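Q: Okay, sequence plus prediction incoming.
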Amino acid sequence: MKKLWMVCVTVLLAACSGGPRSGDVEKALTAYFKEATGTTMTFERLKVGECVRGDSPGYACSVTGTARYQLGTRTEQQQLVGTFVIDKVDGTWTVVDRR
């Protein structure tokens, strides 16, 4: 019983950590690239590493995967590897910096 209680507490603490989930990061990246390039990107094999809260606002999240987008009549793809800082802006997870 004690072990079950500890597992429940751990799960609740993780859920309340306040950081973005992988779906939040993907939505923030989609909006970020749409604003920057004017085109909608889709992501394949997007892996979001641990999101770490630093001294500056937001969470630094490591991201890898493949970005696909339309360029004229062609579909292009590009490797996506980097660290993006995600923070809540007006209640929405948003990319605020790229490292």
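A: Happy to help now that I have it. Not measured: the values here are computed from a predicted model.

Q: in the helix ranked longest in the chain, what counts as buried?
A: Secondary structure assigned by DSSP state H gives helix 22-37 as the longest helix of the chain. Within helix 22-37, the residues that count as buried by 16 or more other Cβ atoms under 10 Å are 24-30, 32-33. Backbone N, C-alpha and C define where each C-beta goes, glycine included.

Q: any idea how far residue 74 is from the residue nearest the centre of the chain?
A: Most central in the chain under Cα atoms, centre = their mean is residue 25, positioned 2.0 Å from the mean C-alpha point. Look at residue 25 and residue 74: by Cβ to Cβ, to the nearest Å, they are 27 Å apart.

Q: and the longest helix of the chain, how far from the chain's centre?
A: Its chain's C-alpha centre and that of helix 22-37 lie 8 Å apart, by Cα atoms, centre = their mean, to the nearest Å.

Q: what helix or strand does residue 44 sit in?
A: Assigning secondary structure by DSSP states H and E places residue 44 in strand 42-53.

Q: helices or strands next to that strand in the packing?
A: If you count contacts as 3 or more Cβ pairs under 8 Å, 6 or more residues apart in numbering; DSSP states H and E, strand 42-53 packs onto helix 22-37, strand 59-71, strand 74-89.

Q: who's in contact with the first one?
A: Surrounding helix 22-37, the residues in contact under the criterion Cβ atoms under 8 Å, 6 or more residues apart in numbering are 20, 39-43, 46, 48, 51, 61, 63, 67, 69, 80, 84, 86, 92-95.

Q: low-confidence ranges in this protein?
A: Along the chain, the parts satisfying pLDDT under 70 run over 1-17.
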